[in-house]
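# here is a sequence with its predicted model. Questions after.
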Amino acid sequence: MSELPTFEASLPQIPATLCSILNVEPPNFIPEPIQAITSQFQGVDRVIFVLVDNFGLFEVTYYKPQFLIENSNALVLLSTKNPYTLGVLHQIMYGGFDTEPNGFHLLRYLNENGKTTAMVGRQKDIQRYDGGTNSIAKDSDMNTWIEAAKVTNKTNFSWFHFLDFENLYRQQARLGRDPGDLIDKLLKRTDKWILSMHKQLRSNSLMIVLGDHGRFKVDINYADKIAQWRQASVPIAIVIKKD
């Protein structure tokens, strides 16, 4: 991924960036868009936003998910004070850590500006963050992926959250197994699902795969240098255009 155009930005810039890509002027009281991304990808018909737990710069370079690496158009390294799932959800929906600053909520704002949206994820997350917009609760990544086939091309902005790692990690921990292999298997499985979603996408679409640190800190026994590398990992956004 060394030759991939790579940019640095802050996580709270994501909502304004999503608005701008869809030709919706973001409000001026949330952090400004990531100009390097909006200038290149603005004007698409739809955005597929995929949130993947326990996925960041370390995981993409260490485990090397094939589709994401080979088809990425841009990589954004995202700085944030809270890289964990709920913190990431909050910053994307509200443009920061304030709840609905001046009434802003990403999905509702897109709806108010003529864009259709759908949020697919865990029931508790939907109840907290969908803002009363169109949402579909699913209890597993498999069901989320199946739902994606129904929703992807029918809305301007579709949000899909892959989060199986949390429950499977606890199962592995009870059995005394190293979760490193679990991350590898889940990431490669999810990479294949994202490939199938991309094949289904109509032209002039944009897929953004954003990774967070999961719901809680995970301890994995890596060698010293690799452990330090993982510790320094940051959330990322991988941008893939479907022409």
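Structure's in. What do you need? Numbers count the residues shown, from 1 in each chain.
# show me where pLDDT drops low in the protein?
Residue ranges of the chain with pLDDT under 70: 1-2, 164-180, 216-233.
# how far off centre is the lengthiest helix in it?
When the chain is parsed with DSSP state H, its longest helix is helix 179-200. On the basis of Cα atoms, centre = their mean, to the nearest Å, helix 179-200 sits 13 Å off its chain's mean C-alpha point.
# kindly report the same for stretch 201-217.
3 Å.
# could I have it exported to PDB, CA atoms only?
What follows is stretch 201-217, C-alpha atoms only, in PDB (Å, rounded to 0.1, in the frame of the first residue of the first chain):
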ATOM      1  CA  LEU A 201     -22.700  -1.700  -6.900                       C
ATOM      2  CA  ARG A 202     -23.900   0.400  -9.800                       C
ATOM      3  CA  SER A 203     -21.500   2.700 -11.500                       C
ATOM      4  CA  ASN A 204     -20.700   6.200 -10.100                       C
ATOM      5  CA  SER A 205     -20.700   4.900  -6.500                       C
ATOM      6  CA  LEU A 206     -18.200   5.200  -3.700                       C
ATOM      7  CA  MET A 207     -17.300   2.700  -1.100                       C
ATOM      8  CA  ILE A 208     -15.700   3.900   2.100                       C
ATOM      9  CA  VAL A 209     -14.400   1.200   4.500                       C
ATOM     10  CA  LEU A 210     -13.700   2.700   7.900                       C
ATOM     11  CA  GLY A 211     -12.000   0.700  10.700                       C
ATOM     12  CA  ASP A 212     -12.100   1.300  14.400                       C
ATOM     13  CA  HIS A 213     -10.400  -0.300  17.500                       C
ATOM     14  CA  GLY A 214     -13.500  -2.300  18.500                       C
ATOM     15  CA  ARG A 215     -15.600  -1.900  21.600                       C
ATOM     16  CA  PHE A 216     -12.800  -2.600  24.000                       C
ATOM     17  CA  LYS A 217      -9.000  -3.000  24.100                       C
END
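# hmm, back to that, what is the longest helix of the chain packed up against?
strand 46-52, helix 66-71, helix 141-151, strand 157-162, helix 165-174, strand 205-211 (3 or more Cβ pairs under 8 Å, 6 or more residues apart in numbering; DSSP states H and E). Where you see a C-beta, it was placed from the backbone N, CA and C, and this is true even at glycine.
# go again using 7 Å as the cut-off
Helices and strands touching helix 179-200, by 3 or more Cβ pairs under 7 Å, 6 or more residues apart in numbering; DSSP states H and E, are strand 46-52, helix 66-71, helix 141-151, helix 165-174.
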